[in-house]
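[1] need a structure here:
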Amino acid sequence: MYHFFVSKNNIVDHTIFIEGTDYNHIKNVLRMREGEEISVGTGEDENEYRCMIEKFEDDRVICKLLFVKEANVELPAKVILYQCLPKADKMEMIIQKCVELGVSEIIPVASKRCVVKLDDKKASSKIARWQSIAEAAGKQSKRAIVPFIGQVTKFSDALKDAERADLKIIPYELCEGMEDTKEVFKNIKSGQTIAVFIGPEGGFDEGEVDEAIQSGITPISLGKRILRTETAGLAVMAWLSFVLEVEAK
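    Below is the predicted model of the structure:
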């Protein structure tokens, strides 16, 4: 079943209005017809609004609300990914896959070894593009919320922003052994906010790692192999998804 996001203002009593690009997608790309069912989320709560297409108007789809249920698809903890800017279009893949794995928020970070440099104009355009990718991935994976893509942030500012998290981790290739990492993940609990820092190609500068540790961020190991920046975040998200959903049962 296809899943879409609408503003809460577009849900009025037992009627749901779908507008914008989703209108064109439903009518002209998917070629859906009256009587077909779809699911809708607001991107703000965890309810799934199951509805039926009643009719198409010039610029919107009018749907009849059938029932509402709690989607129960979100991770029982908020995960914030502080992803250092990678080269090329890797960020798009990182966002897409991490949204599928349950990330709540992604903050792009400009660290010392980042090759990519974005001025304000380019950053604004990129963020708009990345947010649309997050929304599309949220639809595909039937997320209840649309993960937020933040502004590009300096590493030092990202450390300050992460103070809101209960647990802060940074994968680091010089972190020895997996026992300490196992203990970190073993103690993760539902309801926590978890901050994850992922470096760019070439990893974090040693001074940045020291600064992170001084800020209360725990270094962890991802194993004996060196992972690419586009792989490391996915590995952590997969681990967190497993631990949190097992712990929540």
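[2] Surely residue 112 touches residue 209?
    No. Between residue 112 and residue 209 there is no contact under Cβ atoms under 8 Å: 10.9 Å. Glycine gets a C-beta too; all of them are placed from N, C-alpha and C.
[3] which one of the two has more residues nearby?
    With other Cβ atoms under 10 Å as the criterion, residue 112 and residue 209 differ in neighbour count, and residue 209 comes out ahead with 20 against 14.
[4] Identify the residues contacting the more buried one.
    Residue 209 makes contact with 170, 172, 174, 219, according to Cβ atoms under 8 Å, 6 or more residues apart in numbering.
[5] same thing but 7 Å
    Residues near residue 209 by Cβ atoms under 7 Å, 6 or more residues apart in numbering: 170, 172, 219.
[6] What's the separation between it and residue 26?
    Distance, residue 209 to residue 26, by Cβ to Cβ, to the nearest Å: 48 Å.
[7] likewise residue 240?
    For residue 240, the distance to residue 26 equals 34 Å [Cβ to Cβ].
[8] where along the chain do the helices fall?
    Secondary structure of the chain, counting by DSSP state H: helices at 21-24, 90-101, 120-140, 155-161, 179-186, 206-214, 229-247.
[9] Packing partners of the fourth one?
    Identification of packing neighbours for helix 155-161 by 3 or more Cβ pairs under 7 Å, 6 or more residues apart in numbering; DSSP states H and E yields strand 105-110, helix 206-214.
[10] buried ones in stretch 57-70?
    Buried residues in stretch 57-70, counted by 16 or more other Cβ atoms under 10 Å: 60, 61, 63, 65.
[11] Give me the subset of those residues lying in strands.
    Among the buried residues of stretch 57-70, DSSP state E puts 60, 61, 63, 65 in strands.
[12] Outside of stretch 11-19 itself, which residues are in contact with it?
    Contact with stretch 11-19 is made by 4, 6, 10, 26, 40, 49, 51, 59-65, as judged by Cβ under 7 Å, 6+ apart.
[13] tally of neighbours for residue 34?
    12.
[14] same question but for residue 28, I mixed them up
    Counted with other Cβ under 10 Å, residue 28 comes out at 9.
[15] could you point out where this protein is predicted with low confidence?
    Along the chain, segments meeting pLDDT under 70 span 71, 247-249.
[16] mind giving me the domain split of it?
    According to automatic domain parsing, the chain comprises the domains 3-70, 78-247.
[17] Give me whichever of those domains is most buried.
    Highest mean neighbour count among those (mean count of other Cβ atoms under 10 Å): domain 78-247, with a mean of 18.
[18] so how far is it from its chain's centroid?
    Distance, stretch centre to chain centre, for domain 78-247: 9 Å (Cα atoms, centre = their mean, to the nearest Å).
[19] same deal with stretch 22-39?
    Mean-position distance between stretch 22-39 and its chain equals 26 Å (Cα atoms, centre = their mean).
[20] Alpha carbons of it, as PDB, please.
    The C-alpha coordinates for stretch 22-39 follow below in PDB (Å, rounded to 0.1, in the frame of the first residue of the first chain):
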ATOM      1  CA  ASP A  22       1.800  13.900  -4.400                       C
ATOM      2  CA  TYR A  23      -1.300  14.800  -6.300                       C
ATOM      3  CA  ASN A  24       0.500  14.400  -9.600                       C
ATOM      4  CA  HIS A  25       2.300  11.300  -8.400                       C
ATOM      5  CA  ILE A  26      -1.000   9.600  -7.400                       C
ATOM      6  CA  LYS A  27      -3.000  10.600 -10.400                       C
ATOM      7  CA  ASN A  28      -0.500  10.600 -13.300                       C
ATOM      8  CA  VAL A  29       2.400   8.400 -12.200                       C
ATOM      9  CA  LEU A  30       0.700   5.700 -10.100                       C
ATOM     10  CA  ARG A  31      -2.500   6.100 -12.100                       C
ATOM     11  CA  MET A  32      -4.600   5.300  -9.000                       C
ATOM     12  CA  ARG A  33      -8.400   5.500  -9.200                       C
ATOM     13  CA  GLU A  34     -11.400   6.300  -7.000                       C
ATOM     14  CA  GLY A  35     -12.000   3.500  -4.400                       C
ATOM     15  CA  GLU A  36      -8.300   2.600  -4.000                       C
ATOM     16  CA  GLU A  37      -6.900   2.700  -0.500                       C
ATOM     17  CA  ILE A  38      -3.700   4.500   0.600                       C
ATOM     18  CA  SER A  39      -2.100   5.300   4.000                       C
END
